[in-house]
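Peer 1: coords please:
(one chain, ligands or ions: 2)
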Amino acid sequence: MLERTIAAIGPLDVAAMTAAGDLHRRLTKPAGSLGALEDLSVRLAGLAGTCPPPLPEPAAVAIFAGDHGVHAQAVTPWPQEVTAQMIANFLAGGAVVNAFARQAGASVTVVDVGVGTPLPTTPGEPGPATLGAPRLVTANVRPGTRDLAVTAALTRDETRAAVETGIRIADELIDGGAGILLTGDMGIGNTTPAAALIAAFTGADPAETTGRGTGVDDATYARKVAVVRDALRRHAPDPADPLGVLAAVGGLEHAALAGLILGAAARRVPVLLDGVIAVSAALAAAALAPDATGAMVAGHRSAEPGATVALHRLGLEPLIDLGLRLGEGTGALLALPVVTGAVRVLHEVATFDSAGVSEK
Ligand SMILES: Cc1cc2ncn([C@H]3O[C@H](COP(=O)(O)O)[C@@H](O)[C@H]3O)c2cc1C
Ligand SMILES: O=C(O)c1cccnc1
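Peer 2: Ligands and ions are numbered 1, 2, ... in the order given. You can find the predicted model right below:
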């Protein structure tokens, strides 16, 4: 499934991009006046292979949840059970991501790809990922990763299973009608593997890729950087072997998000990236299929320093920069109206000719 998906990912359609650029020049506004929205809409035309590209509606957030063996290294002050407890909160509609999803009109799908503690009784309906009320998909590859400070976090088979879960969720959501996918994550400790992945794929120093996550103190931060540094030394992951990197120092939600991104790219549907977990997964997706970057839209710049390192490597400019450091998909949801607006311009704005407006 992974190989088939990678093979389906192709470059942007140049003719559709040229048509979008030409259309922009005829719309009733000074050329270039919509800044980054113009480039984005041109790229989305290239992704869709048509101008104007379809409006990115409806939107579907997929929150991949997993636990982390590296929690044992005290890299986060939060107990591991919070991952499962937050899943219950997502399904009950009480988290920040739910509030923003309601505002944006987006569906929420929670995927247990590797939660390590039992889920509290879940009010959500189990079943396939579709558009609608928050729902839970159970696809638990293993109950949390192994401790990457001691051994490889995952086997290659487990990594592939998580990536393919992400691809399957992308397919289900798109088959259900989604016009854009948004990445979400939940996993106490997951900023540590994200920092390790970004360092492994970019070659940046762990001090540049590691942040304070949920807000760790100085001692915990120093420990976290050391854990990432030691893990890279121990595993020496090869960036030319993306599954190997994910297996050595990644997480199940990171692997599944890489799959979601690849799945969206293969279907030529845009995928709006959230924060540092998402962009670390995006580096893995781009290493597996370089053309996948054509489908990626960076929602926001996470306050986590690794996010900026990853975005730079991916060549993506984030749409908003609000100092968010939450995850869940919150930054992607806030950016969604910007993406929709960029495309709507190509659908609805009059041309100088049609509106009888004089050109300069
Ligand atoms: C109540 C709560 C809600 C969250 N929602 C997202 N995260 C975010 O914080 C975690 C990563 O940070 P670290 O690596 O420092 O543990 C992830 O679960 C991420 O999704 C949350 C964290 C907490 C505590
Ligand atoms: O950028 C993120 O996604 C993020 C930042 C801090 C904690 N959890 C997630």
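Peer 1: element containing whichever residue of the stretch 201-350 of the chain sits closest to ligand 1?
Peer 2: In the stretch 201-350 of the chain, the residue that lies nearest ligand 1 is residue 213 (2.4 Å; CB to the nearest ligand atom). For the C-beta atoms, the positions are set from N, CA and C on the backbone; glycine is no exception. Following DSSP states H and E, there is no helix or strand that holds residue 213.
Peer 1: show me what contacts the nearest residue to it once chain neighbours are set aside?
Peer 2: Nearest non-adjacent residue to residue 213, counting by CB to CB, 6 or more residues apart in numbering: residue 191, 3.7 Å away. Residues near residue 191 by CB atoms under 8 Å, 6 or more residues apart in numbering: 76, 210-211, 213-214, 276-277, 304, 306.
Peer 1: Make CSV out of the residues you listed and add secondary structure and neighbour count.
Peer 2: Listed next are the contacts of residue 191 as CSV, based on DSSP: H, G, I helix; E, B strand; the rest coil; neighbours: other CB atoms under 10 Å:
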residue, secondary structure, neighbour count
76, coil, 24
210, coil, 30
211, coil, 23
213, coil, 25
214, coil, 15
276, helix, 33
277, helix, 31
304, coil, 26
306, helix, 29
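Peer 1: Need those in a markdown table (columns: pLDDT).
Peer 2: As requested, the contacts of residue 191 are exported to a markdown table (pLDDT from 0 to 100):
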| residue | pLDDT |
| --- | --- |
| 76 | 97 |
| 210 | 98 |
| 211 | 98 |
| 213 | 95 |
| 214 | 95 |
| 276 | 98 |
| 277 | 98 |
| 304 | 98 |
| 306 | 98 |
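Peer 1: show me the residues around the closest residue to ligand 1 within the stretch 1-150 of the chain that make contact.
Peer 2: Residue nearest to ligand 1 within the stretch 1-150 of the chain: residue 76 (3.3 Å; CB to the nearest ligand atom). Shown in contact with residue 76 (CB under 8 Å, 6+ apart): 188-189, 191-192, 213-214, 216, 220.
Peer 1: Where helices are concerned, which of the residues you listed count?
Peer 2: Counting by DSSP state H, these place 191-192, 220 in helices.
Peer 1: quick one: which of the residues you listed is nearest to residue 320?
Peer 2: Within the ones in helices among the contacts of residue 76, the smallest distance to residue 320 is 19.9 Å, found for residue 191 (CB to CB).
Peer 1: Cheers, nothing more for now.
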